[in-house]
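[1] Show me how the following folds:
(one chain, ligands or ions: 1)
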Amino acid sequence: MISKGLKNVVAAETAISLVDGEKGRLIYRGYNAKELALQYSFEEIAYLIWYGFLPNDHEKQMISESLKNNRELPSYVYQLIQTLPCDMEIMSQIRTVVSALGTKEFGWKPTVEQAIRLTAVIPVITAAIYRKVNGEKIILPNRELGHVENYLYMLTGKRHSFALIRALEGYMILTMEHGMNASTFTSRVVSSTESDMVSAVTGAIGAMKGPLHGGAPTGVIDMLNEISNKEDAEIWIRQKLERKENLMGFGHRVYRTRDPRAEALSEITKQIGADDEWLELAYYVEKLAVQLLEEYKPGRRINTNVEFYAAAVMKAIDMSPSLFTPTFTVSRMVGWTAHVIEQSLDNTIFRPEAKYIGKQTVELQSLV
Ligand code: CMC
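    Presented below is the predicted three-dimensional model:
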């Protein structure tokens, strides 16, 4: 029997996270991700994901310092960033630049030190590419600032309010890790050949780039902009569903309830007092779309996913839509690298079968 898209196929064991689709729970190393996102820093949860336990004060200090100490990029990387054309998609530029990090420091076997290095540089690379594309001077990392605040600072050159930093931090914790999604699976497949961690995350970035995975929040903003008011929502959604097109920000391979990350993000959005009018439309469209999806796709239990409210958070912090998928990438680096390490601890190369449906043996015509 073929399982297209490997639906329901268990391809590995993991102790990193549990995505409980029936109950709508996301658990990181035994802890509820929603509670972690509301109470802890990015650095603390990255530590939890890599090491399996929450850091004490000393370990917290250690991980924060390590991430700061690893932010520096070699000059050839900045030169490469300047060389890439500005009209190349930001995600493609990030993929290319990350792949250029493949030096000896990333040899097999993968380590937490390598994971820290990649997690520390990915915001620096992303911010540098973004500023270059927009014709602005690249801003170097600021040692005074934590991981998330420094990312925002390198993007904008400005300091932000605590509430906005915490909102982005909440989003970045909630998107740090998510079981065997397409990009994480990609990273494990590459790593299973005993290739290096840089190759594994380069492949993962390629998978993340696709609109069915990491590219959805831009689609959510486009959708709400097109709908623009409550009166036009129903007709717009019906037309979309009649054309058998998917609504961005809805549906998930695993969740059969509202995605718990959407739940947490909708709470965070309320706390920061995001654009009320836009949020009100978002709540309205969410409710209506879930009803209409039940009408058009009975029994499928399609609900909002993380990208729906990610769009709201990004809008609140005034982040350009061109940065949505790159920012998802900046946070997911933690999950990818943790999976690459886990894969290496009990490795079997991934090598599934394909059912051949082509022609059977065809006789070659003699040329003489
Ligand atoms: N809008 C309309 N119909 C949908 C949607 C949607 N967003 N999602 C699923 N369906 C329908 C689908 O057409 C199918 O109908 P039928 O059985 O009649 O052919 C049924 O529901 C089952 O869907 P599926 O395509 O088998 O579901 P999947 O697990 O293969 O796809 C998905 C999951 C996320 C790719 C899909 O729901 C989708 O394309 N959503 C929109 C894009 C999006 O929001 N992506 C972000 C995902 S969350 C981020 C992450 O964790 O990666």
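
[2] how many other residues sit next to the closest residue to the ligand within the chain?
    At 2.3 Å from the ligand, residue 251 is the closest residue in the chain, using CB to the nearest ligand atom. The way it works is simple: take the backbone N, C-alpha and C, and place the C-beta from them, glycine included. Look at residue 251: counted by other CB atoms under 10 Å, it has 19 neighbours.

[3] Give me the pLDDT value at the closest residue to residue 229 other than its chain neighbours.
    Distances taken as CB to CB, 6 or more residues apart in numbering put residue 281 closest to residue 229, at 7.2 Å, once the chain neighbours are dropped. On the pLDDT scale, residue 281 is placed at 90.

[4] mind checking the SS state of the residue most central in space within the chain?
    Closest to where the C-alpha atoms of the chain average out (CA atoms, centre = their mean) is residue 328, at 3.4 Å. Assigned with DSSP: H, G, I helix; E, B strand; the rest coil, residue 328 falls in the helix class.

[5] ok, back up a step: quick one, what contacts the residue of the chain closest to the ligand?
    Listed by CB atoms under 8 Å, 6 or more residues apart in numbering, the contact set of residue 251 reads 293, 302-303, 305.

[6] and which of these is nearest residue 1?
    Nearest to residue 1 among the contacts of residue 251 is residue 302, at 25.0 Å by CB to CB.

[7] The closest one: neighbour count?
    Residues near residue 302, counting by other CB under 10 Å: 20.

[8] thought it was touching residue 292?
    No - counting by CB atoms under 8 Å, residue 302 stays clear of residue 292, with 9.8 Å between them.

[9] and the stretch 151-300 of the chain, which residues reach the ligand?
    Counting by CB under 6 Å from any ligand atom, the stretch 151-300 of the chain comes close to the ligand at 178, 181, 212-213, 216, 246-253, 293, 297, 300.

[10] what's the lowest-pLDDT member of those?
    residue 216 (65).

[11] Show me the strands in this protein, by range?
    All strands of the chain, identified by DSSP state E, fall at 17-20, 25-28, 31-32.

[12] Listing request: residues of the stretch 251-368 of the chain with sub-threshold pLDDT.
    Scanning the stretch 251-368 of the chain for pLDDT under 70 picks out the ranges 273-275, 367-368.

[13] In contact with the closest residue to the residue nearest to the centre of the chain other than its chain neighbours: list those residues for me.
    Nearest residue to residue 328, sequence neighbours excluded (CB to CB, 6+ apart): residue 214, at 4.7 Å. Listed by CB under 8 Å, 6+ apart, the contact set of residue 214 reads 91, 183, 208, 325, 328-329, 332.

[14] ditto for residue 352
    Counted by CB under 8 Å, 6+ apart, residue 352 has contacts residue 6.

[15] Residue 28 contacts residue 14, doesn't it?
    No - the pair residue 28 / residue 14 is not scored as a contact, 11.3 Å apart, by CB under 8 Å.

[16] Could you check which of these two has the larger neighbour count?
    The residue with more neighbours, out of residue 28 and residue 14, is residue 28; 25 against 16, by other CB under 10 Å.

[17] Tell me which of the strands of the chain is the most buried.
    Mean neighbour counts were taken over the strands of the chain using mean count of other CB atoms under 10 Å, and the top value, a mean of 21, falls to strand 25-28.

[18] Centre of the chain to it, how far?
    Centroid separation between strand 25-28 and its chain, computed with CA atoms, centre = their mean, to the nearest Å, is 16 Å.

[19] Sheet-wise, list the partners of it with their directions.
    Its sheet considered, strand 25-28 pairs with strand 17-20 (antiparallel), strand 31-32 (antiparallel) by DSSP bridges.

[20] Any chance of those strands in CSV with mean pLDDT as columns?
    Formatted as CSV, the strands paired with strand 25-28 follow (pLDDT from 0 to 100):
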stretch, mean pLDDT
strand 17-20, 96
strand 31-32, 97
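
[21] Please tabulate these in a markdown table, including the columns distance to the ligand.
    Listed next are these as a markdown table, based on distance: least, CB to the nearest ligand atom, whole Å:
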| stretch | distance to the ligand |
| --- | --- |
| strand 17-20 | 9 |
| strand 31-32 | 17 |
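
[22] Nearest to residue 344, out of the ones you listed?
    Residue 344 lies closest to strand 17-20 among these, at 17.8 Å (CB to CB).

[23] Run through who's touching the closest one.
    Outside strand 17-20, the residues that touch it by CB under 8 Å, 6+ apart are 25-29, 33, 49, 177-179, 254-255, 335.

[24] ditto for stretch 103-120
    Residues outside stretch 103-120 that contact it (CB under 8 Å, 6+ apart): 46, 50-51, 63, 66-71, 98, 101, 147, 191, 194-198, 200-201, 333-334, 337-338, 340-341, 344.

[25] Can you flag the buried ones in those?
    Neighbour-count burial (16 or more other CB atoms under 10 Å) is assigned, among the contacts of stretch 103-120, to 46, 50, 63, 66-68, 70-71, 98, 101, 147, 191, 195-198, 200-201, 333-334, 337-338, 340-341, 344.

[26] Inside helices: which ones of these?
    Those of those mapping onto helices are 46, 50, 63, 66-68, 98, 147, 191, 197-198, 200-201, 333-334, 337-338, 340-341, 344, per DSSP state H.

[27] what's near enough to touch residue 122?
    Going by CB under 8 Å, 6+ apart, residue 122 touches 94, 98, 329-330, 333.

[28] and which of those is nearest to residue 170?
    residue 330 (14.2 Å).

[29] can you pull the contacts of that closest one?
    The neighbours of residue 330, taking CB under 8 Å, 6+ apart as the test, are 122-123, 126, 151, 172.

[30] how many neighbours does residue 255 have?
    So residue 255, with other CB under 10 Å, has 25 neighbours.

[31] What does it show for phi and psi?
    Dihedral pair for residue 255: phi -70, psi 130, per degrees, to the nearest 10.
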